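In: Model the structure of this input:
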Amino acid sequence: MPHATASWLVDNTSLSFEQIAEFCGLHILEVQAIADDTAATKLTGRDPVRAHEVTMEEIEKGQANSNYVLKMLKGPEQVRRTKGPRYTPVSKRQDKPDGIAWILRNHPEVSDGAIGKLIGTTRTTIAAIRDRSHWNIANIVPKDPVTLGLCSQRELDALVAKAAKAAGIEAPTDTRLEGDREALIEQLRAERQAAAHVNDGEEPSEVRVEHTAETLFKH
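Out: Predicted structure coming up:
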């Protein structure tokens with residue numbers, strides 16, 4: 001999810017657009033679009049530190065030197081849990097229904113058993129949220145379980161990929177901006193060229209055409 005990662009880096013670090021583009025594998029104008037909120041879809045940031053893709057120390061090196069190229073990490077192997085329900089801190093247990101609702105809405109191919117192991121809940125609770133018979137359904141708002149701290153991004157990605165493979169469908173990828181990528185880049189480039197002409201005291205061609213038309217009508 002390079003665009004979501006870029007959005008997080010723009011909002012939470014002082015890295016240059018060039019550094020973020022290099023790290024996320026994006027065009028620098030795409031990063032500029034995310035920073036300017038001109039992208040077609042408002043993205044929810046994805047923390048690459050939490051996802052074990054980069055360390056905070058590495059980000060700090062990049063912030064100290066704009067020419068530094070961030071190095072991506074291969075996250076550590078996840079500790080394998082023994083059999084039994086996942087332990088969830090008391091402070092986060094109230095967030096479980098929101099995380100379950102998010103998975104049901106965004107990844108219906110994931111089985112109830114898999115959701116139960118990931119979130120640490122029961123099939124009865126999952127079924128109640130699915131058919132909207134849960135006692136607190138009016139207050140349940142789908143939220144990313146990673147953001148809620150109920151699981152790691154690696155665990156969620158592995159679960160979704162496994163469920164997609166079992167269902168015979170292609171695992172979801174971050175393609176929200178791919179269709180308009182070239183058009184977006186050209187639009188941003190044209191806007192910057194027009195701004196450069198204005199700063200140099202030269203009017204953009206559209207403005208010159210309008211002024212010519214006004215002159216003709218006056219005569």
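In: contacts and neighbour counts: CA atoms only from here.
Out: OK.
In: Which neighbouring elements make contact with the helix or strand where Ala21 lies?
Out: Of the helices and strands defined by DSSP states H and E, Ala21 is found in helix 17-24. In terms of contacts (3 or more Cα pairs under 8 Å, 6 or more residues apart in numbering; DSSP states H and E), helix 17-24 is packed against helix 2-12, helix 28-35.
In: The longest one - contacts with which helices or strands?
Out: So that's helix 2-12. Contact partners of helix 2-12 among helices and strands, from 3+ Cα pairs under 8 Å, 6+ apart: helix 17-24, helix 28-35.
In: does Ala163 really touch Pro108, like I thought?
Out: No: contact status for Ala163 versus Pro108: not in contact, 9.3 Å apart, counting by Cα atoms under 8 Å.
In: more crowded one of the two?
Out: Ala163 (20 against 13; other Cα atoms under 10 Å).
In: Cys151 is in contact with Lys117, isn't it?
Out: No: using Cα under 8 Å, Cys151 makes no contact with Lys117, being 10.3 Å away.
In: Checking Ala196 next. Helix, strand or coil?
Out: At Ala196, secondary structure determined by DSSP: H, G, I helix; E, B strand; the rest coil is helix.
In: Quick check: it vs Gly62, distance?
Out: Ala196 is 29 Å from Gly62, where distance means Cα to Cα, to the nearest Å.
In: Between those two, which is the more surrounded one?
Out: Neighbours around Ala196 and Gly62, counted as other Cα under 10 Å, are more numerous at Gly62. The numbers are 21 against 14.
In: can the helices and strands packed on helix 17-24 go into CSV with extra columns for mean pLDDT?
Out: Putting the helices and strands packed on helix 17-24 into CSV (pLDDT from 0 to 100) gives the following:
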stretch, mean pLDDT
helix 2-12, 86
helix 28-35, 84
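In: want to try TSV for these, with mean neighbour count and distance to Leu104 as columns?
Out: Supplementary listing: the helices and strands packed on helix 17-24 in TSV, determined by neighbours: other Cα atoms under 10 Å; distance: least, Cα to Cα, whole Å:
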stretch	mean neighbour count	distance to Leu104
helix 2-12	20	21
helix 28-35	20	28
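In: Isn't Asp144 up against Pro97?
Out: No: the criterion here is Cα under 8 Å, and Asp144 misses it with Pro97 at 10.9 Å.
In: Those two - which one has more neighbours?
Out: Regarding Asp144 and Pro97, a neighbour count based on other Cα under 10 Å identifies Pro97 as having more, with 24 against 20.
In: Where does the more buried one fall, secondary structure wise?
Out: Take DSSP H and E as the rule and Pro97 turns out to sit in helix 96-106.
In: following that helix, which helix or strand comes up?
Out: The C-terminal neighbour of helix 96-106 among helices and strands, as given by DSSP H and E, is helix 112-119.
In: now that following helix: how far from the chain's centre is it?
Out: The chain centroid and the centroid of helix 112-119 are separated by 23 Å under Cα atoms, centre = their mean, to the nearest Å.
In: angle of that helix against helix 96-106?
Out: Relative orientation of helix 112-119 versus helix 96-106 (axes from the mean of the first three to the mean of the last three Cα atoms, to 10 degrees): 130 degrees.
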